Structure formats: structure tokens, C-alpha cells
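K.L.:
the following block contains a protein sequence and its predicted model.
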Amino acid sequence: SSDLNEMLRKMADAGCDYCAMEVSSHAAHQHRIAGLHFAGGIFTNLTRDHLDYHKTVEAYLNAKKSFFDNLPATAFALTNADDKVGEVMLQNTEASRHTYSLRSEADFTGRIVEQRLDGTLLSLNGVEVETMFTGKFNAYNLTAVYGAGILLGWERDSVLRAISALVPVAGRFQAFHSPKGVTAIVDYAHTPDAVVNVLQAIREVIGQNGEVITVVGAGGNRDKGKRPIMAREAAARSQRVILTSDNPRFEEPEDILADMEEGLDDEARTRTLHITDRRQAIRTAVALARPGTVILIAGKGHEDYQEVKGVKHHFDDREEVKSAFSENN
């Protein structure tokens with residue numbers, strides 16, 4: 001908490017007026033945000049994650065909920081009305097309560113008008129805005145951003161202009177295109193829900209019959225329970241799956257992939273390759289791809305290293321994709 005307050009003090013002294021920060025469940029549980037006074041908070045969703053730390057989904061939920069429980073009456077609490085625990089998060093907050101949604105009536109509503117692999121035409125409270133983001137999960141996030149901007153007192157048109165100018169973060173649904181008409185999406189998705197979200201976003205653009213090849217692994221020394229679920233969700237939404245290393249840390253990569261394979265039925269196994277070397281896995285996906293194929297490379301996103309036995313080795317999915325594309329030109 002003292003480190004965080006010191007950094008915010010330096011930001012304020014440097015002329016920073018606003019700070020938007022992700023408050024993790026760990027941060028809330030460990031009181032890392034003690035002493036901070038928030039102008040508002042946004043709840044996005046709750047999915048299986050960090051159970052190696054929280055042990056149960058209920059404990060994970062309560063850790064997130066504690067953030068909203070501690071918001072002052074002067075703050076706003078903006079929640080996703082489409083998430084099954086969205087209302088639960090705000091049950092005990094003293095902050096003013098607001099909702100956002102893509103599916104139902106809410107204070108702030110988003111609607112996808114048109115989407116491509118490089119952007120989405122989005123309607124926010126009835127006003128259309130072109131964005132450089134793709135996928136329903138990004139539409140949710142942008143609707144939340146719009147709502148937060150309005151609740152902070154900014155002019156609607158100023159918020160819309162800012163949203164239209166936003167550029168995706170490196171490694172989050174970052175698209176690369178080959179001369180042969182193959183598209184690779186590099187994304188940080190490292191939970192079952194995140195893998196589903198990204199693959200659904202791809203399907204929303206290319207349709208159910210388009211070919212998708214997914215390259216995915218799971219981190220070592222983390223929640224083992226999500227491994228078979230990730231493999232199963234990837235196989236359900238892809239024509240081909242290549243299981244490979246992520247950051248094995250102090251586990252053996254083969255053991256992690258064996259855990260993932262437990263989630264596959266016999267039919268899915270016939271469409272799945274097991275390639276421990278991540279570089280080779282990416283190159284194999286590119287070699288298998290045809291014009292129009294979309295390759296999802298999930299798990300590491302912006303990371304430029306691979307952690308093995310306590311050592312971080314340089315490895316960047318984006319570099320590997322571009323190299324594989326140039327060799328298969």
C-alpha cells in the first residue's frame with residue numbers, strides 16, 4: 001500500500017489528474033489499496049481464476065466484492081448487468097449504483113452494429129462510434145469505459161472521440177496478416193473464459209464454418225484445475241488445436257500438456273497436436289493454415305519471455321508469428 005501511494009503521489013506531482021487501475025483480487029485481499037480513495041469502481045465479470053491463491057470461487061468473489069464494499073458514498077459503482085454476480089457485487093456498497101449491458105436495458109447500453117478482425121462499429125446509448133477493438137468482451141469493456149467517463153462528468157462527445165482514438169494494447173487481440181491471406185491473433189488469454197471470449201470474437205467475424213487453429217498452453221505452478229477446461233474449450237471452437245508450453249516455470253511441460261489433454265474426448269484428440277516447443281508449435285500452425293484461416297496464439301500476449309526453471313528466456317509470440325509468416329511466404 002505504501003509503495004502504491006508513493007507512486008500515485010509522484011504521478012500527481014507530475015501533473016497527472018486521473019489514474020485508472022486494475023484492482024486485482026489479490027490486491028483487495030492483501031490490503032494493497034489501503035489508504036486510497038476511489039472516485040469509482042467498475043465490475044466486469046467473474047470467472048474461474050486465481051484459485052491457487054483463493055482456493056474457492058466464493059473466496060475469490062468475496063475478495064472482489066470487498067473492493068465495492070469499501071467504496072465511499074461519494075464514489076460510483078458501475079457493474080455489468082449481464083454477469084450473474086453483477087448485482088451481488090454492489091449489494092453492500094455505499095457508492096451510487098449504475099449498470100451497463102449489451103443485452104438488456106441499463107444506464108449504459110452497448111450494441112455491436114458491425115465487426116471485423118480489426119475493429120467494431122459500436123452503438124453506445126444510441127450513438128454509433130467506430131473503434132479499433134474486436135469481440136463482445138471488448139464491446140463490454142468499451143461500454144464500461146463510456147459509462148465511467150460520463151459518471152466522472154465528462155461530455156458525451158468527448159468520451160466518444162476518446163474511445164474512437166483508443167489503440168489496442170500490444171498482445172491483446174493483436175492481429176497479424178500474411179501475404180497468403182492467413183490471419184494470426186496473439187492474445188494474452190490464459191483462463192478458460194478468456195480463451196472462450198477470444199474464440200467467440202473470431203467466430204463472430206468469420207462465421208462458424210471458417211477455419212480456426214488454436215495454439216494454447218497453461219502456466220506451470222498455477223491453478224491446475226483450469227488446464228483440462230482450457231483445452232476442452234479451445235477444441236470446441238477450433239478445427240485444430242496445438243497444445244504447447246506457456247511458462248512452465250518449475251513444472252515439466254509434458255506434465256502440463258498431459259493435464260490439458262485430460263479435458264479432451266476421443267474426437268477432439270484426433271484434431272489435437274502435442275508440440276512442447278512453442279516456437280515449433282507456432283510454425284506448425286502457420287504451415288497448416290490455408291488462405292482465410294485464423295490462428296489464435298493464446299496465453300502469453302505481450303510477454304517477451306518464457307520462464308523455465310526460474311530463468312526467463314527471450315520469447316515473443318509476435319516475433320515468432322512474423323518470422324513464420326515470412327518463411328512461409
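P.N.:
Great, that's in hand.

K.L.:
in the helix or strand where Ala285 lies, what counts as buried?
P.N.:
Assessed by DSSP states H and E, Ala285 sits inside helix 278-288. By neighbour count on 16 or more other Cβ atoms under 10 Å, the buried set for helix 278-288 is Arg278, Arg279, Ala281, Ile282, Arg283, Thr284, Ala285, Val286, Leu288. For every residue, glycine as well, the C-beta is placed using N, CA and C.

K.L.:
correct me if wrong: the fifth one contacts Ala324.
P.N.:
In other words, Arg283. Yes. Assessed by Cβ atoms under 8 Å, Arg283 is found in contact with Ala324 at 4.7 Å.

K.L.:
just to revisit the earlier point, okay if I get the buried residues of helix 278-288 as CSV plus pLDDT?
P.N.:
Shown next, in CSV, are those (pLDDT from 0 to 100):
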residue, pLDDT
Arg278, 98
Arg279, 98
Ala281, 98
Ile282, 98
Arg283, 98
Thr284, 98
Ala285, 98
Val286, 98
Leu288, 97
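
K.L.:
for Arg240, state which of these is nearest.
P.N.:
Relative to Arg240, the closest of the buried residues of helix 278-288 is Leu288; by Cβ to Cβ it sits at 6.4 Å.

K.L.:
which residues does that closest one contact?
P.N.:
Counting by Cβ atoms under 8 Å, 6 or more residues apart in numbering, Leu288 touches Ile213, Arg240.

K.L.:
per-residue pLDDT of Met260, please?
P.N.:
On pLDDT, Met260 comes in at 98.

K.L.:
so it belongs to a helix, correct?
P.N.:
Yes. Assessed with DSSP: H, G, I helix; E, B strand; the rest coil, Met260 lies in a helix.

K.L.:
my guess is it contacts Leu243, does it?
P.N.:
Yes. Taking Cβ under 8 Å as the definition, Met260 is a contact partner of Leu243 at 5.4 Å.

K.L.:
look up the residues that both of these two are in contact with.
P.N.:
Joint contacts of Met260 and Leu243 (Cβ under 8 Å, 6+ apart) are Val216, Gly217, Ala231.

K.L.:
in helices, which of those residues appear?
P.N.:
Ala231 (DSSP state H).

K.L.:
surely Glu267 is within a helix?
P.N.:
Yes. Counting by three-state DSSP, Glu267 is part of a helix.
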